[in-house]
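Peer 1: sequence plus the predicted model coming up.
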Amino acid sequence: DGVYVQYPTGHRDTVETATARAVRTGISQASAHIQLARMEEMDVDLVIVSSHLGARPSHYVWQGKVYSRSGASGKYPDFVSSTGYGSVTGLCGANCRHNFSPYFEGMENPFDQYDSEENQKQYELEQRQRTLERRIRNTKRETMNWKNAADSATDPALKSQFTAEYERKAALLQKQNKAYNDFCESTGQKKRS
(Lines give C-alpha, C1' and ligand atoms only; values in the text may rest on other atoms or scores of the structure.)
Protein backbone atom coordinates (compact mmCIF):
# COMPACT_ATOMS: atom_id res chain seq x y z
CA ASP A 1 0.00 0.00 0.00
CA GLY A 2 2.97 2.31 0.45
CA VAL A 3 3.85 4.77 3.19
CA TYR A 4 1.37 7.47 4.23
CA VAL A 5 1.50 10.59 6.36
CA GLN A 6 -1.39 10.89 8.80
CA TYR A 7 -2.10 14.50 9.85
CA PRO A 8 -3.63 15.45 13.22
CA THR A 9 -6.79 16.48 11.34
CA GLY A 10 -7.21 12.90 10.11
CA HIS A 11 -6.22 13.78 6.53
CA ARG A 12 -3.91 11.21 4.95
CA ASP A 13 -1.43 11.69 2.09
CA THR A 14 1.21 9.59 0.42
CA VAL A 15 4.80 10.41 1.32
CA GLU A 16 5.34 11.78 -2.20
CA THR A 17 2.39 14.17 -1.93
CA ALA A 18 3.26 15.31 1.59
CA THR A 19 6.89 15.89 0.61
CA ALA A 20 6.03 17.83 -2.55
CA ARG A 21 3.55 20.00 -0.62
CA ALA A 22 6.04 20.63 2.18
CA VAL A 23 8.79 21.65 -0.26
CA ARG A 24 6.47 23.91 -2.32
CA THR A 25 5.03 25.53 0.79
CA GLY A 26 8.42 25.87 2.50
CA ILE A 27 9.96 27.63 -0.49
CA SER A 28 6.95 29.95 -0.77
CA GLN A 29 7.05 30.82 2.94
CA ALA A 30 10.83 31.38 2.97
CA SER A 31 10.50 33.71 0.00
CA ALA A 32 7.64 35.56 1.74
CA HIS A 33 9.69 36.02 4.93
CA ILE A 34 12.58 37.45 2.92
CA GLN A 35 10.21 39.74 1.01
CA LEU A 36 8.67 41.04 4.25
CA ALA A 37 12.10 41.60 5.81
CA ARG A 38 13.22 43.67 2.79
CA MET A 39 9.98 45.64 2.88
CA GLU A 40 10.48 46.30 6.59
CA GLU A 41 14.05 47.52 5.94
CA MET A 42 12.82 49.79 3.15
CA ASP A 43 9.82 50.96 5.19
CA VAL A 44 7.38 49.91 2.45
CA ASP A 45 3.83 49.46 3.65
CA LEU A 46 1.97 48.56 0.46
CA VAL A 47 1.94 45.01 -0.89
CA ILE A 48 0.64 43.72 -4.23
CA VAL A 49 -0.40 40.07 -4.46
CA SER A 50 0.06 38.04 -7.64
CA SER A 51 -2.85 36.46 -9.51
CA HIS A 52 -3.32 33.35 -11.61
CA LEU A 53 -6.15 31.65 -13.43
CA GLY A 54 -7.51 28.66 -11.55
CA ALA A 55 -6.95 30.08 -8.06
CA ARG A 56 -8.85 28.41 -5.22
CA PRO A 57 -12.19 30.14 -4.74
CA SER A 58 -11.07 31.40 -1.32
CA HIS A 59 -7.89 32.89 -2.85
CA TYR A 60 -9.61 34.30 -5.92
CA VAL A 61 -11.24 37.05 -3.84
CA TRP A 62 -7.91 38.60 -2.76
CA GLN A 63 -5.52 37.85 -5.63
CA GLY A 64 -4.14 40.63 -7.83
CA LYS A 65 -4.91 43.42 -5.36
CA VAL A 66 -2.98 45.93 -3.23
CA TYR A 67 -2.94 45.74 0.58
CA SER A 68 -1.44 47.59 3.52
CA ARG A 69 0.99 45.59 5.69
CA SER A 70 0.29 47.79 8.71
CA GLY A 71 -3.43 48.00 8.07
CA ALA A 72 -3.14 51.75 8.70
CA SER A 73 -3.88 52.80 5.11
CA GLY A 74 -7.29 54.30 4.64
CA LYS A 75 -7.19 53.39 0.95
CA TYR A 76 -6.04 49.76 1.02
CA PRO A 77 -7.31 46.86 3.15
CA ASP A 78 -5.21 45.10 5.79
CA PHE A 79 -2.78 42.57 4.29
CA VAL A 80 -3.03 39.79 6.90
CA SER A 81 -6.76 39.87 7.60
CA SER A 82 -7.64 40.15 3.89
CA THR A 83 -5.35 37.41 2.54
CA GLY A 84 -5.05 35.12 5.55
CA TYR A 85 -1.26 35.46 5.33
CA GLY A 86 0.35 33.32 8.03
CA SER A 87 -2.43 30.72 8.10
CA VAL A 88 -2.34 27.30 6.47
CA THR A 89 -5.24 28.20 4.17
CA GLY A 90 -4.16 31.77 3.32
CA LEU A 91 -1.57 33.49 1.18
CA CYS A 92 1.68 31.44 1.11
CA GLY A 93 -0.08 28.66 3.05
CA ALA A 94 -0.23 25.00 2.03
CA ASN A 95 0.10 24.61 -1.75
CA CYS A 96 -0.59 28.30 -2.40
CA ARG A 97 0.94 29.45 -5.71
CA HIS A 98 0.56 33.17 -4.99
CA ASN A 99 3.32 35.52 -3.95
CA PHE A 100 3.56 39.22 -3.21
CA SER A 101 5.91 42.14 -3.67
CA PRO A 102 6.25 45.81 -2.70
CA TYR A 103 3.83 48.23 -4.26
CA PHE A 104 4.36 51.96 -4.62
CA GLU A 105 1.46 54.35 -4.99
CA GLY A 106 0.85 55.16 -8.65
CA MET A 107 2.34 51.93 -10.04
CA GLU A 108 0.31 50.06 -12.60
CA ASN A 109 -1.10 46.74 -11.40
CA PRO A 110 0.56 44.12 -13.65
CA PHE A 111 -1.69 41.28 -12.51
CA ASP A 112 -4.68 40.11 -14.51
CA GLN A 113 -8.10 40.29 -12.98
CA TYR A 114 -9.89 37.11 -14.04
CA ASP A 115 -13.60 36.64 -14.49
CA SER A 116 -14.95 34.51 -11.62
CA GLU A 117 -16.60 32.00 -13.99
CA GLU A 118 -13.41 31.66 -16.02
CA ASN A 119 -11.39 31.20 -12.81
CA GLN A 120 -13.84 28.61 -11.43
CA LYS A 121 -13.81 26.65 -14.70
CA GLN A 122 -9.99 26.53 -14.69
CA TYR A 123 -9.96 25.60 -10.99
CA GLU A 124 -12.32 22.68 -11.64
CA LEU A 125 -10.19 21.52 -14.61
CA GLU A 126 -7.06 21.58 -12.43
CA GLN A 127 -8.84 19.68 -9.64
CA ARG A 128 -9.96 17.03 -12.15
CA GLN A 129 -6.40 16.80 -13.46
CA ARG A 130 -5.02 16.35 -9.92
CA THR A 131 -7.55 13.54 -9.35
CA LEU A 132 -6.40 11.76 -12.51
CA GLU A 133 -2.75 12.20 -11.44
CA ARG A 134 -3.46 10.76 -7.97
CA ARG A 135 -5.12 7.71 -9.51
CA ILE A 136 -2.14 7.14 -11.80
CA ARG A 137 0.33 7.42 -8.89
CA ASN A 138 -1.72 4.97 -6.80
CA THR A 139 -2.03 2.46 -9.64
CA LYS A 140 1.67 2.83 -10.44
CA ARG A 141 2.54 2.08 -6.80
CA GLU A 142 0.24 -0.96 -6.78
CA THR A 143 1.66 -2.17 -10.11
CA MET A 144 5.21 -1.97 -8.79
CA ASN A 145 4.23 -3.81 -5.61
CA TRP A 146 2.58 -6.66 -7.55
CA LYS A 147 5.64 -6.86 -9.83
CA ASN A 148 7.95 -7.07 -6.81
CA ALA A 149 5.72 -9.70 -5.21
CA ALA A 150 5.70 -11.79 -8.42
CA ASP A 151 9.47 -11.47 -8.85
CA SER A 152 10.19 -12.57 -5.29
CA ALA A 153 7.56 -15.35 -5.01
CA THR A 154 9.02 -18.86 -4.86
CA ASP A 155 5.73 -20.79 -4.89
CA PRO A 156 4.68 -21.24 -8.57
CA ALA A 157 0.94 -20.84 -7.80
CA LEU A 158 1.58 -17.65 -5.85
CA LYS A 159 3.93 -16.35 -8.54
CA SER A 160 1.22 -16.97 -11.17
CA GLN A 161 -1.42 -15.23 -9.02
CA PHE A 162 0.85 -12.20 -8.40
CA THR A 163 1.82 -12.01 -12.08
CA ALA A 164 -1.85 -12.02 -13.13
CA GLU A 165 -2.58 -9.20 -10.66
CA TYR A 166 0.46 -7.28 -11.92
CA GLU A 167 -0.72 -7.61 -15.53
CA ARG A 168 -4.24 -6.46 -14.57
CA LYS A 169 -2.83 -3.37 -12.80
CA ALA A 170 -0.41 -2.66 -15.68
CA ALA A 171 -3.35 -2.68 -18.13
CA LEU A 172 -5.30 -0.33 -15.85
CA LEU A 173 -2.28 1.98 -15.65
CA GLN A 174 -2.13 2.15 -19.45
CA LYS A 175 -5.84 3.08 -19.59
CA GLN A 176 -5.37 5.74 -16.90
CA ASN A 177 -2.37 7.25 -18.71
CA LYS A 178 -4.34 7.39 -21.96
CA ALA A 179 -7.32 9.02 -20.20
CA TYR A 180 -4.96 11.56 -18.61
CA ASN A 181 -3.28 12.38 -21.93
CA ASP A 182 -6.66 12.68 -23.67
CA PHE A 183 -7.96 14.96 -20.89
CA CYS A 184 -4.91 17.25 -21.10
CA GLU A 185 -5.10 17.38 -24.89
CA SER A 186 -8.84 18.13 -25.01
CA THR A 187 -8.72 20.79 -22.27
CA GLY A 188 -5.33 22.35 -23.05
CA GLN A 189 -4.00 21.54 -19.58
CA LYS A 190 -0.23 21.19 -19.25
CA LYS A 191 0.79 17.59 -18.49
CA ARG A 192 2.70 16.93 -15.29
CA SER A 193 4.95 13.95 -14.93
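Peer 2: Perfect, I can see it now.

Peer 1: quick check: mean pLDDT of the helix or strand containing Q127?
Peer 2: Assigned by DSSP states H and E, Q127 falls within helix 116-152. Here helix 116-152 scores 95 as its mean pLDDT.

Peer 1: how about the helices in the chain?
Peer 2: With helices called from DSSP state H, the chain shows them at 15-42, 57-60, 79-83, 116-152, 156-187.

Peer 1: and the closest residue in space to Y166 that isn't next to it in sequence, how many neighbours?
Peer 2: The spatially closest residue to Y166, leaving aside those adjacent along the chain, is W146, at 3.8 Å (C-beta to C-beta, 6 or more residues apart in numbering). Quick note: C-beta positions are derived from backbone N, CA and C, even for glycine. Number of residues near W146 (other C-beta atoms under 10 Å) recorded here: 20.

Peer 1: coming back round to it: would you mind finding the most buried of the helices of the chain?
Peer 2: Most buried of the helices of the chain by mean neighbour count (mean count of other C-beta atoms under 10 Å) is helix 79-83; its value is a mean of 19.

Peer 1: on that earlier part again, the residue nearest to Y166 contacts F162, doesn't it?
Peer 2: Yes: with contact defined as C-beta atoms under 8 Å, W146 counts as touching F162 (5.8 Å).

Peer 1: who touches the residue lying closest to L173 once chain neighbours are set aside in this structure?
Peer 2: Spatial nearest neighbour of L173, excluding adjacent residues (C-beta to C-beta, 6+ apart): T139 at 4.8 Å. Shown in contact with T139 (C-beta atoms under 8 Å, 6 or more residues apart in numbering): 169, 172-173, 176.

Peer 1: take the residues you listed and write them to TSV, including pLDDT and distance to M39.
Peer 2: Putting the contacts of T139 into TSV (pLDDT from 0 to 100; distance: C-beta to C-beta, whole Å) gives the following:
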residue	pLDDT	distance to M39
K169	97	52
L172	98	51
L173	97	48
Q176	98	46
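
Peer 1: which of the residues you listed lies closest to H59?
Peer 2: Q176 (29.3 Å; C-beta to C-beta).
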